[in-house]
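Visitor: just coords:
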């Protein structure tokens, strides 16, 4: 439930942020030794671990492989010098306080320069209050920016985490989020332009009162696949690869379904005469 709320909070406005989440680094450590760390399995099925942050602590946090970020409450933020004041709940209310952790240590596993968010998250607070009598205060989450640097194995019977450094350096999730939100804001109201993977090299048109089958070729670009196949302006395209093209949308869809480099037949009319051409769209983007 916790990871669902976090993902809903931080991911709802992001379109395909995955590409920026992590990047490989060359200094891999094939001889790295496994690090075994105990955890407490709460009745809620969350894994509770103890970490030190910037040489302070230990603090009790939830180890969550579904969390996209590290989350610390305001007390840890103040205690470790990460923030002068804690963030309130809400990404759109000005309460988001991103910081960089100099070092976080879990058992013998240490990671440096980790992005984190200081926020008094209500779900973390609720879990803490539920189990505080037995386990003490729970004050945040260890998420992707930490565990992605390790190959992680969870043994629920022994209640142990095994971490092996893998040389992988995660990116900055919040920076990616901010970038995507900015792009989305800048793109608001602008028309979306779609394109297929194959580059054909011609345009099509059709007047709104045109009831005849097919679409009319507008422009044929010099040196394109269409030009090489002999397509000409004012040709009437009836089918592309066997698919009817009665509208510009039909033509786009039919063209987009053709794999780049594969020659397909297109049925046309030129000066009232039926013809068939073969076009192999070129590799696009």
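Guide: Right, received. Where do you want to start? Not measured: the values here are computed from a predicted model. Numbering: from 1, shown residues only.

Visitor: Every contact and neighbour count from this point should use C-alpha atoms.
Guide: Fine.

Visitor: ok, now which ones touch residue 100?
Guide: Going by C-alpha atoms under 8 Å, 6 or more residues apart in numbering, residue 100 touches 82, 113, 114, 115, 116.

Visitor: For it, list each beta-bridge partner.
Guide: Going by DSSP bridges, residue 100 is paired in beta bridges with residue 115.

Visitor: Quick check: the gap between it and residue 113.
Guide: Distance from residue 100 to residue 113, counting by C-alpha to C-alpha, to the nearest Å: 6 Å.

Visitor: can you check residue 234 too?
Guide: The value you get for residue 234 to residue 113, if C-alpha to C-alpha is used, is 61 Å.

Visitor: Those two - which one has more neighbours?
Guide: residue 234 (17 against 13; other C-alpha atoms under 10 Å).

Visitor: could you say which helix or strand contains the closest residue to the more buried one other than its chain neighbours?
Guide: The shortest distance from residue 234 to any residue other than its chain neighbours is 5.0 Å, reached at residue 217 (C-alpha to C-alpha, 6 or more residues apart in numbering). For residue 217, the element it lies in under DSSP states H and E is strand 215-220.

Visitor: Any idea which helix or strand in the protein has the lowest mean pLDDT?
Guide: Using mean pLDDT, DSSP states H and E, the weakest-scoring helix or strand in the chain turns out to be strand 22-24, at a mean of 39.

Visitor: Could I get the contacting residues of the residue nearest to residue 280 when sequence neighbours are not counted?
Guide: Distance criterion C-alpha to C-alpha, 6+ apart; nearest residue to residue 280, sequence neighbours excluded, is residue 263 at 3.8 Å. Residues near residue 263 by C-alpha under 8 Å, 6+ apart: 278, 279, 280, 281.

Visitor: Show me where the stretch 1-150 of the chain has its strands.
Guide: Secondary structure of the stretch 1-150 of the chain by DSSP state E, counting those that start in this stretch: the strands cover 22-24, 35-38, 40-41, 47-53, 56-63, 70-72, 97-106, 109-118, 140-142, 150-155.

Visitor: Helices along the stretch 151-285 of the chain, start to end?
Guide: 173-187, 225-229, 248-256 (DSSP state H, counting those that start in this stretch).

Visitor: any idea how far residue 270 is from the nearest residue to residue 266 once chain neighbours are set aside?
Guide: Spatial nearest neighbour of residue 266, excluding adjacent residues (C-alpha to C-alpha, 6+ apart): residue 240 at 4.5 Å. For residue 240, the distance to residue 270 equals 15 Å [C-alpha to C-alpha].

Visitor: More neighbours: which of these two?
Guide: Using other C-alpha under 10 Å as the criterion, residue 240 and residue 270 rank with residue 240 on top: 25 against 14.

Visitor: Quick check, that one in contact with residue 257.
Guide: No: the pair residue 240 and residue 257 fails to qualify as a contact (C-alpha atoms under 8 Å) at a distance of 9.7 Å.

Visitor: how deep is residue 61 tucked in, by neighbour count?
Guide: Neighbourhood size, residue 61 [other C-alpha under 10 Å]: 25.

Visitor: ignore the last one, residue 170
Guide: Counted with other C-alpha under 10 Å, residue 170 comes out at 20.
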